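[1] This is a predicted model, with the sequence first.
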Amino acid sequence: MPERLANELIHAAQANDAEIAAQRARVDELRKVLAGVKSVEAARLADIADYLVEKVVWIIGGDGWAYDIGYGGLDHVFASGKNINILVMDTEVYSNTGGQQSKATPLAATAKFAVAGKSLPKKDLGMMAMAYGDVYVANVAFGSKDVQTQRAIQEAVSWPGVSLIVAYSHCIAHGYDLSHGLDQQKLAVQSGYWPLFRWDPRKLGTDEHPLTLDSAEPAGHLYEFLKNEARFTMAERHDPERFRALVSQAEEAIHHRFAKLRRFAGLPDPVPGGAQDAAQ
């Protein structure tokens with residue numbers, strides 16, 4: 001076998017699509033070389049040659065699994081340091097089994113076993129993964145900013161360790177016509193309910209901040225988002241006064257979380273009288 005080809009097959013970088021395509025071309029060249037060699041070793045190498053190409057591995061699941069019933073296993077993956085990508089389709093409820101409350105169910109939402117509206121905020125899975133320091137983390141909402149979603153997927157694949165992407169996912173359990181799902185995703189981001197960000201461990205220890213905040217300051221009243229979904233309006237009908245208190249609590253939590261993300265991104269506090277004050 002040519003020494004150049006052997007060295008490139010073993011040592012060539014495979015961090016992006018172009019480099020992986022080049023490796024596939026080398027494997028094709030390897031098979032042509034092996035075709036002229038009559039030996040058991042050559043035949044065995046030809047059989048497994050595809051394993052010389054980097055494989056992109058994805059684990060895909062819902063929020064009930066990731067936040068709740070399967071979190072112990074997910075935590076093991078976070079701590080593994082392996083080159084594994086995780087995509088969580090976050091509907092904020094146990095959709096597949098009838099709409100039960102999960103640790104991803106947000107404050108003020110109704111669900112089975114939380115009919116009056118959940119009184120505690122959802123678990124912050126992204127922040128927990130960031131605490132490991134070597135896990136790539138992104139919060140995305142395709143309907144709000146598809147380019148940000150695409151960039152997050154590309155960065156996750158290129159990171160040689162564990163990557164987590166949490167994707168806002170509208171669901172029939174939310175109780176509205178899902179033909180408006182992408183519009184509702186936009187409202188979720190505009191209201192600050194679902195901030196968009198990317199946490200890249202490659203920037204740790206550099207002059208760049210590891211967190212990039214991809215959504216603007218909350219610019220709309222949270223109720224404009226909540227009023228479109230039955231999971232929130234049911235709580236309002238059940239007890240309007242309590243619901244108003246929960247919404248106020250949720251708005252406070254949103255601005256607190258956004259302020260924390262802003263600090264992690266190295267951004268200044270908003271100017272008084274700006275979009276955040278208008279929203280409040």
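    That came through fine.
[2] for Leu87, helix, strand, or coil?
    What DSSP: H, G, I helix; E, B strand; the rest coil gives for Leu87 is strand.
[3] What about it, how many residues nearby?
    Number of residues near Leu87 (other Cβ atoms under 10 Å) recorded here: 20. Using the backbone N, CA and C atoms, a C-beta is placed for each residue, glycine as well.
[4] Just grab the bridge partners of it for me.
    Beta bridges link Leu87 to Ile60, Ile165 when assigned by DSSP bridges.
[5] which residues touch it?
    Taking Cβ atoms under 8 Å, 6 or more residues apart in numbering as the criterion, Leu87 is in contact with 58-61, 165, 167.
[6] And the strands in the chain?
    Secondary structure of the chain, counting by DSSP state E: strands at 58-62, 85-90, 136-140, 163-168, 197-199, 211-213.
[7] Just the buried subset of the contacts of Leu87, please.
    Burial of these was assessed by neighbour count (16 or more other Cβ atoms under 10 Å); the buried members are 59, 165, 167.
[8] Please look at Val162 and Phe78 and confirm they touch.
    Yes: Val162 is within contact range of Phe78, at 5.7 Å (criterion: Cβ atoms under 8 Å).
[9] Which one of the buried ones among the contacts of Leu87 is nearest to Leu74?
    Of all the buried ones among the contacts of Leu87, Leu74 sits closest to Ile59, with 8.2 Å by Cβ to Cβ.
[10] Quick check: buried residues in stretch 131-146?
    Buried, per 16+ other Cβ under 10 Å, within stretch 131-146: 132, 135-145.
[11] Sorry, slip of the keys, the one I care about is stretch 86-96.
    By neighbour count with 16+ other Cβ under 10 Å, stretch 86-96 contains the buried residues 86-95.
[12] any chance of these in CSV, with distance to Ala114 and pLDDT too?
    Listed next are those as CSV, based on distance: Cβ to Cβ, whole Å; pLDDT from 0 to 100:
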residue, distance to Ala114, pLDDT
Ile86, 26, 98
Leu87, 26, 98
Val88, 20, 97
Met89, 20, 96
Asp90, 17, 95
Thr91, 15, 93
Glu92, 11, 92
Val93, 9, 88
Tyr94, 11, 88
Ser95, 15, 81
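[13] so which two of the contacts of Leu87 are the farthest from each other?
    Greatest spatial distance among those (Cβ to Cβ): Ile59 and Ala167, at 13.2 Å.
[14] quick one: low-confidence parts of this structure?
    In the predicted model of the chain, residues 272-280 satisfy pLDDT under 70.
[15] what sits in contact with each of Val162 and Phe78?
    Contact criterion Cβ under 8 Å, 6+ apart; residues shared by Val162 and Phe78: 129, 132, 135.
[16] Perfect, I'm done here.
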